[in-house]
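Task: produce atomic coordinates for the following.
(chains A and B)
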Number of protein chains: 2
Amino acid sequence: MWFGDDAAVLTSPPPGWDLVLCSDTVVAGVHVDLDHLEVADLGWRAVATTISDLAAMGARGRSCVVSVSVPAPVSLEEVMEGALEASLAASCPIVGGDSTASPTATVSCAALGEVPVGTAVGRSGASPGDRLFVTGTLGASAAGLRHLREQSDLSSELVERHRRPRPLLAAGWVAREAGANAMIDISDGLGLDLDRLCSSSGVGVRLDLVPVAAGASEEEALGGGDDYELLIAVPPHIDLAAAFDAAGVEQPILIGELVEDSEVRLLRGDRFVPAGYQHPLS
Amino acid sequence: MWFGDDAAVLTSPPPGWDLVLCSDTVVAGVHVDLDHLEVADLGWRAVATTISDLAAMGARGRSCVVSVSVPAPVSLEEVMEGALEASLAASCPIVGGDSTASPTATVSCAALGEVPVGTAVGRSGASPGDRLFVTGTLGASAAGLRHLREQSDLSSELVERHRRPRPLLAAGWVAREAGANAMIDISDGLGLDLDRLCSSSGVGVRLDLVPVAAGASEEEALGGGDDYELLIAVPPHIDLAAAFDAAGVEQPILIGELVEDSEVRLLRGDRFVPAGYQHPLS
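Below is the predicted model:
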């Protein structure tokens, strides 16, 4: 524990707010290859991916705690530097945590957020007829990893997208306020995370397009993972684009529609396999 | 994430309460030897030691999230079984978390608790003249580990104390309400954790006794760690024993007094070395 006491004391939110709590873990050699990334990126990613789960609920961040387990050659300070940068970028300060030795570099983050009472957006509220949006193009992270592995074009923005994903708190917040029925962050690839949203909601999906990031392949966009864009199901009468525009958030991309038959998984009329990123050890 | 959504939604505490947030990690081979303990104990200990940090603030538990990283031969279900048992025993339910593959079995827990506004008890509030109490005898966990290593007397209660430490939420709560100035849970041994409390508060200490658990040695009591008893500094006018008695909590043991000279670390008149449990890899 770095902050003096056994635990951090936080002011409660004012009446009218729910709390939101989540955690995520990044393991070197499983989620992050330290041959290609810095240990600071390990810290960044643990914090950013956890806060991304708050974004997917339509919540805002409040505080987080970070648990760092590293072998002796890995610098705890460098891991924490990346973690702190991610927490500051998301306005969700690190208020505590713990550190320990481990043979495997592992960073867990737990984040506490808040959302107006009763308004948190889950995965299971989507309905047939909802229009399906994504907050940006996909595959950038997978393409960035490919550049790192090939040691090609390392200054590419794709590499930065892989190293330092950004949780889309503003987009999640606006989508919730606009009346989204369901949301999920795309951590394991559009195919897999869309399948999760559909299965939770008991609906099927017809995709018209996969928005591919410049420099990425459609395969990377569909199955690459680690993009942390949000996938949003919105009733047809809601103008999500106008809500994003009014809030100054980058325009969402309409990619398809949800349908009643919960077995349907179609992309441009063909059945797609809901495969996603498979971690090396999983 | 096991609970359907990206994050768990919780009701805020009523007005008049602060939130308390902390985390702790247990790593196989570092904190826990899986040659001697079950993987369920790994889950139990991660949750119990985290909630112990809430106890040391005088807080009550509200919810926790658990991150489990395990290699293929280790059963995620068994780890979670122990974690769930610990969370239920402490009335601090697990509401979410994540699981991933890892070469090293690692369980991180983050716990959210609550305490009446402005009353959380830290480490730094102790004053010269405060009387120093501990909530129970010490060394049981270290003695239990010795039995496990020697494969002797495995049905001993000492072994159970090592396998399944219990966070002392009721004792911490009553000590706070009674007016404790400072508290810490003894995770790394009386010597080391007492030194932390004294250093944070800028005071010295004269110990009259080390309360040794039946079957343990004084060395195990002073430096063994993992007991999770609470160390409590109380102004001399406060009758902590009466407060514990009234609440039906096991009687605290008076072990010494805090003094003005912050250099003083005396046990029965002799200087003691604030050594504590050293983890194998730390």
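
so who does residue A:275 touch?
For residue A:275, the contacting residues are A:189, A:191, A:192, A:223, by CB atoms under 8 Å, 6 or more residues apart in numbering or on different chains. Bear in mind the C-beta positions are built from the backbone N, C-alpha and C, glycine included.

Tell me which helix or strand residue A:81 sits in.
helix A:76-89 (DSSP states H and E).

cool, residue A:220 as well?
Going by DSSP H and E, residue A:220 is in helix A:218-223.

Please apply the same query to residue A:63.
With DSSP H and E as criterion, residue A:63 is part of strand A:60-70.

Packing partners of that strand?
Strand A:60-70 sits against strand A:8-11, helix A:39-55, helix A:76-89, strand A:94-101, strand A:106-116, helix A:169-178, strand B:17-27, strand B:106-116, with contacts defined as 3 or more CB pairs under 8 Å, 6 or more residues apart in numbering or on different chains; DSSP states H and E.

could you check the angle strand B:94-101 makes with the longest one?
It refers to helix A:39-55. 140 degrees (axes from the mean of the first three to the mean of the last three CA atoms, to 10 degrees).

Around chain B, which positions in the stretch 51-200 of chain A sit nearby?
A:52-54, A:56-57, A:59, A:63, A:65-67, A:69, A:71-72, A:95-98, A:100-104, A:106, A:108, A:110-115, A:120, A:122-124, A:184-185, A:200 (CB under 8 Å from any CB of the partner chain).

sorry, back to before: could you export the helices and strands packed on strand A:60-70 as CSV, including mean pLDDT?
Supplementary listing: these in CSV, determined by pLDDT from 0 to 100:
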stretch, mean pLDDT
strand A:8-11, 95
helix A:39-55, 97
helix A:76-89, 97
strand A:94-101, 94
strand A:106-116, 97
helix A:169-178, 98
strand B:17-27, 96
strand B:106-116, 97
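
still on that earlier bit, filter the residues of the stretch 51-200 of chain A next to chain B to the buried ones?
Buried residues within these, counting neighbours by 16 or more other CB atoms under 10 Å in any protein chain shown: A:52-54, A:56-57, A:59, A:63, A:65-67, A:69, A:95-98, A:100-104, A:106, A:108, A:110-115, A:120, A:122-123, A:184-185, A:200.

Flag every buried residue along the helix holding residue A:81.
The neighbour-count check on helix A:76-89 (16+ other CB under 10 Å) flags A:76, A:78, A:79, A:80, A:81, A:82, A:83, A:84, A:85, A:86, A:87, A:89 as buried.

you'd agree residue A:222 is up against residue A:186?
No - at 10.3 Å, residue A:222 and residue A:186 do not qualify as touching, with contact defined as CB atoms under 8 Å.

list residues touching both of those two?
When contacts are counted by CB under 8 Å, 6+ apart, residue A:222 and residue A:186 are jointly contacted by residue A:138.

who has more neighbours, these two?
residue A:186 (29 against 25; other CB atoms under 10 Å in any protein chain shown).

next one: phi and psi at the more buried one?
Here is the backbone geometry of residue A:186 (degrees, to the nearest 10): phi -90, psi 90.

now it: how far from residue A:255?
Per CB to CB, to the nearest Å, residue A:186 is found 11 Å from residue A:255.

what do those two both touch?
Joint contacts of residue A:186 and residue A:255 (CB under 8 Å, 6+ apart) are residue A:134.

Could you report the separation of residue A:156 from residue A:140?
9 Å.

typed the wrong thing, it's residue A:124
On the measure of CB to CB, residue A:124 and residue A:140 end up 28 Å apart.

Over to residue A:51?
Separation of residue A:51 from residue A:140 (CB to CB): 19 Å.

These two - which one has more neighbours?
Taking other CB under 10 Å, residue A:51 and residue A:140 do not tie; residue A:51 has more neighbours (31 against 28).

remind me which residues of chain A are low pLDDT?
A:1-4, A:276-282 (pLDDT under 70).

So it: which segments form each domain?
According to automatic domain parsing, chain A comprises the domains A:17-116, A:131-271.

For whatever residue of the stretch 51-200 of chain A ends up closest to chain B, list the residues it contacts.
Using CB to the nearest CB, the single residue of the stretch 51-200 of chain A nearest to chain B is residue A:110, 3.1 Å away. Taking CB under 8 Å, 6+ apart as the criterion, residue A:110 is in contact with A:21, A:22, A:23, A:50, A:64, A:65, B:21, B:23, B:65, B:67, B:108, B:110.

If we only consider those residues, which is nearest to residue B:170?
residue B:21 (20.7 Å; CB to CB).

Let me know the distance separating that closest one from residue A:208.
Distance from residue B:21 to residue A:208, by CB to CB: 43 Å.

Check residue A:29 too.
Residue A:29 is 38 Å from residue A:208, by CB to CB.

Which one of those two is surrounded by more residues?
residue A:29 (17 against 13).

where does the more buried one fall, phi/psi-wise?
Dihedral angles (degrees, to the nearest 10) for residue A:29: phi 90, psi -10.

Test my guess that it contacts residue B:101.
No - proximity of residue A:29 to residue B:101 does not meet the contact threshold set by CB under 8 Å, at 9.5 Å.

rewinding a little: can you redo the buried residues of helix A:76-89 as TSV with distance to residue B:15?
Formatted as TSV, the buried residues of helix A:76-89 follow (distance: CB to CB, whole Å):
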residue	distance to residue B:15
A:76	39
A:78	41
A:79	38
A:80	34
A:81	37
A:82	37
A:83	32
A:84	32
A:85	34
A:86	32
A:87	27
A:89	32
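
Among those, list the two that are farthest apart in space.
Largest pairwise distance in the buried residues of helix A:76-89, by CB to CB, is 20.5 Å, between A:76 and A:89.

Quick check: buried residues in stretch A:152-159?
So, applying 16+ other CB under 10 Å, buried residues of stretch A:152-159: A:156, A:158, A:159.

what about the last one, which SS state?
Right, the one you point to is residue A:159. helix (DSSP: H, G, I helix; E, B strand; the rest coil).

now the nearest residue to residue A:36 once chain neighbours are set aside, what's its secondary structure?
Residue nearest to residue A:36 in three dimensions, not counting chain neighbours: residue A:148, with 3.9 Å by CB to CB, 6 or more residues apart in numbering or on different chains. What three-state DSSP gives for residue A:148 is helix.

OK, contacts around residue A:148?
A:33, A:36, A:37, A:154, A:159, A:162.

I'd like to know which of these is nearest to residue A:235.
The closest of these, once distances to residue A:235 are taken by CB to CB, is residue A:162, at 34.1 Å.

For the closest one, what is the enclosing helix or strand?
helix A:157-163.

just checking, what packs against that helix?
helix A:140-150.

CA atoms of the helix it packs on as PDB?
C-alpha atoms of helix A:140-150 as PDB (Å, rounded to 0.1, in the frame of the first residue of the first chain):
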ATOM      1  CA  ALA A 140      -6.100  -0.400 -35.200                       C
ATOM      2  CA  SER A 141      -4.700  -2.200 -32.100                       C
ATOM      3  CA  ALA A 142      -4.200  -5.500 -33.900                       C
ATOM      4  CA  ALA A 143      -2.500  -3.700 -36.800                       C
ATOM      5  CA  GLY A 144      -0.300  -1.900 -34.400                       C
ATOM      6  CA  LEU A 145       0.700  -5.200 -32.800                       C
ATOM      7  CA  ARG A 146       1.500  -6.500 -36.300                       C
ATOM      8  CA  HIS A 147       3.800  -3.600 -36.900                       C
ATOM      9  CA  LEU A 148       5.500  -4.200 -33.600                       C
ATOM     10  CA  ARG A 149       6.000  -7.900 -34.400                       C
ATOM     11  CA  GLU A 150       7.300  -7.100 -37.800                       C
END
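
and that helix, how far out from the chain's middle?
Counting by CA atoms, centre = their mean, to the nearest Å, helix A:140-150 is centred 18 Å from the centre of its parent chain.

How about stretch A:256-274?
Using CA atoms, centre = their mean, the offset of stretch A:256-274 from its chain centre is 23 Å.
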